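Q: coords below, sequence missing:
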């Protein structure tokens, strides 16, 4: 994956809207924008959609900066609608330093770019959630089935695995 990744605090003379996008390009030809947020500016209750707040995507290290791909939020909303139950996000955006502390995490994890979430839905197995996500992702995106959760991501290519 190549692209521009700028991790910075917005200077006082820039508005939040001027500092609210990453331009990411994937090797398989996709180019898209990822929204960036600052917890100190937007607040933990900032709604990204009807059912998801910014806090749910924040890295577990408490970093102020949070990246979220709007396609991921749309996917999670679709999964929630299909299941008729809340989607619990175990892990959303990750900082590079936090990602390095996790055993088995990929060096270029989609979590680093705000494109992935590890999720669970009460009453559904990881395999069932993977099948539902697959209905929405089709021949794109990543789906990983783990013992207690399902990894979903919105990459332009396709990848399926069991962890």
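A: The structure has been received and is ready for your questions. Source: prediction; values computed, not measured.

Q: what about the helix ranked longest in the chain, distance to the chain center?
A: Using DSSP state H, we find that the single longest helix of the chain is helix 70-83. Offset of helix 70-83 from its chain centre (Cα atoms, centre = their mean, to the nearest Å): 11 Å.

Q: Report the buried residues of it.
A: For helix 70-83, a neighbour-count test (16 or more other Cβ atoms under 10 Å) marks 71-73, 75-80, 83 as buried. C-beta here means a position set from N, CA and C on the backbone, and glycine is covered the same way.

Q: now do stretch 94-107
A: For stretch 94-107, the neighbour count (16+ other Cβ under 10 Å) marks 94-95, 98-99 as buried.

Q: start to end distance for that stretch?
A: This stretch, stretch 94-107, spans 11 Å end to end (Cα to Cα, to the nearest Å).

Q: as a whole number, average confidence for it?
A: Stretch 94-107 shows a mean pLDDT of 95.

Q: Surely residue 59 forms part of a helix?
A: No - Residue 59 is assigned coil when assessed by DSSP: H, G, I helix; E, B strand; the rest coil, not a helix.

Q: got the contact list for it?
A: By Cβ atoms under 8 Å, 6 or more residues apart in numbering, the residues touching residue 59 are 66, 92-95, 98.

Q: Of the residues you listed, which belong to strands?
A: The strands, defined by DSSP state E, take in residue 66 from the contacts of residue 59.
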